[in-house]
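Participant: Prediction below, plus the sequence it came from.
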Amino acid sequence: MDDADDPVRVLSTRLAATGQALLGRSLAVRHVDAGSCGGCEIEIGACRRLRGGMAAQGIALVDDIRAADILLVTGVATRNLAEAVRKSLAGMAPPRFVVAAGDCALDGGVFKGAPPVLGGVQAVIPVDLLIAGCPPSPRQILAGLAALLEANAREARVRRTEPNA
Amino acid sequence: MNDAEIAALLAGAPVEPCGGAALHLLTAADWLRLARLVDPADFAGLFVADGRAHALYFRAAPLLVAVTLEGGAYPALSPVIPDAGWCERLAVDREGAVATGAADTRPAIRHGEGDSAWPRFDAPAGEGAFQVGQGPVAGLIARPVHRRFTIEAGRIVRLEHRHGYACRDIASLLHGKSPRAAARFAARLVGDAVVAHALAFARAAEAAGGCDVPPRAAALRAAMLDIERVTAHLLALAAALDAAGRPGLATSLGRARDDIAAAVAVLFGHRLMMDAVTPGGLEVDARPEALPALAAALAEAAASVRRVGEFRVRRALGPAAALARDRARAVLARGAAIVPAIEAAPPGEIVAALPPVSAAGLGSAGSSRGMVHHWVKLHDGQIAAAALMDPAPRLAGRLEVAAAGLDIEGFGVLEACYAVPPGAIDG
């Protein structure tokens, strides 16, 4: 892979550029499995181990929902877990973002239309960023977080230029 | 000898054809007699279809038996075979078939609405005992399951599970589809046994249709299954060591798995080998240029896995030490044979046509948790009924028993090493 395209490098560059943005230099991510086969979770685990990946960039998975900046949701939104997903988002302090990772979280994936499945994560809570893939690779997940940081930085700049915003 | 008694029992029962096995139709009395004769460890699954309850036993070969439902009920196996407990609870929720005389009749995956959350948990007995709930959003990487621990003096006295959060009802999605179209669904039951489930499903469809798989596809399938087992063992070991406070070795094992996945992404086009296996053969052929990277990653895995045998590591693993040793041995035994097997695969076609038939079939494949089995019934080449059997519901019951007497930290290590994904139970 070309260095310029390497999501880890891109993430690193963007983080440096947006260092003083809304979320600062570190991101706390709370993961929720809304009804997944476990494939996306395997790749999130790989994200944590990637050399120069999550940990090196100041992105950490956290246990405590109140400390989280990002709710990372994988899997289809099942009827039985919808309430837990809503409560997880409600427990987060703003600014908060929702990232839906994987084709199931996108729109229900292959399980679209099954009776216990409501659809993608958007069927339950508003989503800020979608990461496609079945499952998305660790680098795709990191690239998604980089995109979110960039968008967030843009938003922060706009807020700074508006007095009393 | 039990084997002779089992043979005598089966000899008197009518038989229906089922590809890959024979379906023995038993009376209720013989259904229970057989359960007492077999080794309980051979119980492999239970499903309800066509107005019958089916039990699958598996040692070297499958033994499939069925009993006709009487008023929507059948005699429970769980008093004799404890592993059947969760399977019977699942059959109530999925098919409405009741196991008469079952030890536990609470729902497995059916939930109520709002405050009427179901199943209810048993109240703690005795002064000083209290309950702690965990999940369905708990742990750094959450698992969609709720656990209720009853704790007394710092030790777990009872563990109960509430499942069903990841229920997608995959068996119903297969209905009316061709085996080729349905393979995508069967493969997505559980992420750490993608090839095992896709292969068991494909073998069931092939057995029903009498389809012979080309030799190259058969050889590559076996290698893919071994790769998946090695990676799943590595992930389970990494999770257990993480929970046991050995993050360094956990990361080494995890990275070895990630390197194998990266090589497999080139070799078969997907890190988890999703949609590579299709009924009739394979969708993709191996790309041999990835073999040196795979061999290097497997060697790295073997080096890391040997450290699981060190005294300090074994001591840290505590209650999971024996299971971890078995997983480590499996990595060493299977890992060494993978690359030579792919190199030795005979050249030729990788997929054969699947005749459109009306028949039933049973297929099996090995996963890191044990054998997975699929049963399919085809009507004019379309799926009329299907059952997906993973070892997970049996292991969930065993984990509940094994938890007794442990503290929460010790349970965390054991649970990580058991690696029972909720998705495999919820279906």
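Facilitator: Yep, that arrived.

Participant: Could you use CA atoms for every contact and neighbour count after this?
Facilitator: Fine.

Participant: ok, now which ones touch B:Leu282?
Facilitator: Shown in contact with B:Leu282 (C-alpha atoms under 8 Å, 6 or more residues apart in numbering or on different chains): B:217, B:221, B:276, B:350-351.

Participant: Please repeat the previous calculation with a cut-off of 10 Å.
Facilitator: B:199, B:202, B:213-214, B:216-218, B:220-221, B:275-276, B:349-352 (C-alpha atoms under 10 Å, 6 or more residues apart in numbering or on different chains).

Participant: quick one: which of those is nearest to chain A?
Facilitator: B:Asp275 (10.4 Å; C-alpha to the nearest C-alpha).

Participant: and the residue nearest to that closest one when sequence neighbours are not counted, what helix or strand is that in?
Facilitator: Spatial nearest neighbour of B:Asp275, excluding adjacent residues (C-alpha to C-alpha, 6 or more residues apart in numbering or on different chains): B:Arg184 at 6.1 Å. Secondary structure assigned from DSSP states H and E places B:Arg184 in helix B:179-186.

Participant: what comes into contact with that helix?
Facilitator: Contacts of helix B:179-186 (C-alpha under 10 Å, 6+ apart): A:110-111, B:170-171, B:173-177, B:194-202, B:204-206, B:274-280, B:354, B:356, B:374, B:376, B:378, B:381-383, B:386-388, B:427.

Participant: Which of those residues fall in helices?
Facilitator: B:170-171, B:173-174, B:194-202, B:204-206 (DSSP state H).

Participant: Top of the residues you listed by number of neighbours, please.
Facilitator: B:Ala205 (36 neighbours; other C-alpha atoms under 10 Å in any protein chain shown).

Participant: While we're on that residue, how confident is the model there?
Facilitator: We note a pLDDT of 97 for B:Ala205 in this prediction.

Participant: show me where the chain has helices.
Facilitator: Here I'm looking at chain A. A:7-17, A:39-49, A:79-90, A:103-107, A:138-161.

Participant: Let me rephrase: I mean chain B.
Facilitator: B:2-11, B:28-37, B:84-95, B:170-174, B:179-186, B:194-209, B:215-243, B:247-267, B:291-306, B:311-317, B:321-343, B:392-403, B:408-418, B:422-426.

Participant: what's the closest of those helices to A:Ser88?
Facilitator: helix B:422-426 (19.4 Å; C-alpha to C-alpha).

Participant: Find the nearest non-adjacent residue to B:Ala250, please.
Facilitator: B:Ala238 (4.1 Å).

Participant: Quick check, central residue of chain A?
Facilitator: Nearest residue to the geometric centre of chain A (C-alpha atoms, centre = their mean): A:Val99, 3.3 Å.

Participant: re earlier: now, of the helices of chain B, which is deepest in the fold?
Facilitator: helix B:194-209 (a mean of 30; mean count of other C-alpha atoms under 10 Å in any protein chain shown).

Participant: ok and that helix relative to helix B:215-243, angle-wise?
Facilitator: 140 degrees (axes from the mean of the first three to the mean of the last three C-alpha atoms, to 10 degrees).

Participant: circling back: worst average pLDDT in the helices of chain A?
Facilitator: Lowest mean pLDDT of those: helix A:7-17, a mean of 60.

Participant: which strand of the chain spans the most residues?
Facilitator: In the absence of a named chain, this looks at chain A. strand A:27-33 (DSSP state E).

Participant: Correction: the question concerned chain B.
Facilitator: Chain B, longest strand under DSSP E: strand B:370-379.

Participant: neighbouring strands for that one, and are they parallel or not?
Facilitator: strand B:360-367 (antiparallel), strand B:382-389 (antiparallel) (DSSP bridges).

Participant: State the pLDDT value of the residue of chain B positioned farthest from its centre.
Facilitator: For chain B, the residue at maximal distance from the C-alpha centroid (C-alpha atoms, centre = their mean) is B:Glu127, at 38.6 Å. In this prediction, B:Glu127 carries a pLDDT score of 82.

Participant: looking at it, it is touching B:Thr150, isn't it?
Facilitator: No. Counting by C-alpha atoms under 10 Å, B:Glu127 stays clear of B:Thr150, with 11.9 Å between them.
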